[in-house]
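*Asks:* build me a model:
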Amino acid sequence: MSTGAADRPTREILESHLALRRAGDLEADLATNYAEDVVLLSWGEGVNRGHDGVRYLAGVLRTYVDHGSFHYDQLLTEDAYGMLRWSATRPDKVIHDGTDAFVVREGLIVAQTIAYRVRSS
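*Replies:* So this is what the prediction gives:
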């Protein structure tokens, strides 16, 4: 983590996360925005931990949609907490009701919940 990274506001961290994911740069997102021991809770995929857990869940999501097809509808932040409402599309699939919640400490995401629904279009 670079000097001063712990001073980044939650909104800045989450906006960085979203920009890097939209660009398809998962490894930069992990290095910049995620604690190595992050805890992830996801409907359907259970509890996952660490950067490998993030990679795993990103891979699951990629089976439904490509990284460039996301729509970030609303990002709320307050102190160390954030919540994202999102959706995604591809010609044969639609992800709707996407909701992620985040906990940020010392400039890194330390916890994330992930929920979404997939339907064929």
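
*Asks:* any idea how far the closest residue to Ala5 other than its chain neighbours is from His17?
*Replies:* Leaving aside its chain neighbours, Ala5 sits nearest to Gly107 (4.1 Å; criterion: CB to CB, 6 or more residues apart in numbering). For every residue, glycine as well, the C-beta is placed using N, CA and C. Separation of Gly107 from His17 (CB to CB, to the nearest Å): 12 Å.

*Asks:* got it, and Arg117?
*Replies:* In terms of CB to CB, Arg117 sits 22 Å off from His17.

*Asks:* kindly report the same for Thr10.
*Replies:* Following CB to CB, the distance that separates Thr10 from His17 is 10 Å.

*Asks:* residues contacting stretch 37-54, please?
*Replies:* Identification of contacts with stretch 37-54 by CB atoms under 8 Å, 6 or more residues apart in numbering yields 26, 30, 34, 36, 56-57, 60, 108-116.

*Asks:* by neighbour count, which of those wins?
*Replies:* Within the contacts of stretch 37-54, most neighbours by other CB atoms under 10 Å means Ile109, with 25 neighbours.

*Asks:* ok, that residue - contacts?
*Replies:* Here Ile109 is in contact with 13-14, 17, 33-35, 38, 102-103 (criterion: CB under 8 Å, 6+ apart).

*Asks:* likewise for Asn33?
*Replies:* 13-14, 16-17, 20, 108-109.

*Asks:* pretty sure Gly24 is in a helix, no?
*Replies:* No: Gly24 is assigned coil when assessed by DSSP: H, G, I helix; E, B strand; the rest coil, not a helix.

*Asks:* out of the contacts of Ile109, which is most surrounded?
*Replies:* Highest count within the contacts of Ile109 by other CB under 10 Å belongs to Asn33, 26 neighbours.

*Asks:* confidence score at the closest residue to that residue other than its chain neighbours?
*Replies:* Spatial nearest neighbour of Asn33, excluding adjacent residues (CB to CB, 6+ apart): His17 at 4.6 Å. Looking at His17, its pLDDT is 97.
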